[in-house]
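Trainee: No sequence on hand, only this structure:
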């Protein structure tokens with residue numbers, strides 16, 4: 001399952017992501033991973049959550065980032081929840097260009113049976129059509 005938090009910068013998406021991740025790890029029997037593009041949030045997450053700063057890896061664009069997610073999912077059979085904070089900042093692409101990413105992410109999350117929560121900055125009144133099913 002994929003869920004997207006979509007809205008303008010400053011509306012509290014990251015706070016929701018942090019609270020959800022910290023609550024999820026208390027209830028989850030499997031792995032919880034949080035991906036961000038800085039170390040700023042590392043200390044706000046439970047130590048039971050695996051924090052990944054994506055800038056530590058040579059990832060350029062959504063295609064490579066999807067491959068990165070596939071690598072995480074393929075090596076961790078206990079993966080239950082994956083959080084991605086600020087997708088467009090991570091892949092450095094406009095949201096309108098990420099339909100293929102979402103198709104791939106949906107497929108891998110279904111095959112490997114993990115939940116994916118993604119935050120994205122954008123106009124909450126005008127999300128791309130391919131995002132609407134995940135809101």
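Mentor: That came in fine, so what should we check first? Fair warning: this is a prediction, and the values are worked out from it, not measured in the lab. Numbering: from 1, shown residues only.

Trainee: alpha carbons only for contacts and neighbour counts from here, please
Mentor: Will do.

Trainee: which residues does the most centrally placed residue in the chain bridge with?
Mentor: Nearest to the geometric centre of the chain sits residue 84, at 2.0 Å (CA atoms, centre = their mean). Counting by DSSP bridges, residue 84 is bridged to residue 35, residue 118.

Trainee: these two touch, right, it and residue 38?
Mentor: No - contact criterion CA atoms under 8 Å: residue 84 and residue 38 do not qualify, at 11.8 Å.

Trainee: Next up, the contacts around residue 55.
Mentor: Residue 55 sits next to 37, 38 when contact means CA atoms under 8 Å, 6 or more residues apart in numbering.

Trainee: Quick check: phi and psi at it.
Mentor: Backbone dihedrals for residue 55, given as degrees, to the nearest 10, come out at phi -70, psi -10.

Trainee: Next: residue 91.
Mentor: According to degrees, to the nearest 10, residue 91 has phi -90, psi -10.

Trainee: so it sits right up against residue 66, yeah?
Mentor: No - using CA under 8 Å, residue 91 makes no contact with residue 66, being 9.6 Å away.

Trainee: how many other residues sit next to the residue lying closest to residue 99 once chain neighbours are set aside?
Mentor: The shortest distance from residue 99 to any non-neighbouring residue, by CA to CA, 6 or more residues apart in numbering, is to residue 130 (6.3 Å). Neighbour count for residue 130, taken as other CA atoms under 10 Å: 13.

Trainee: Could you do residue 76 as well?
Mentor: 12.

Trainee: Now do the contacts for it.
Mentor: residue 31.
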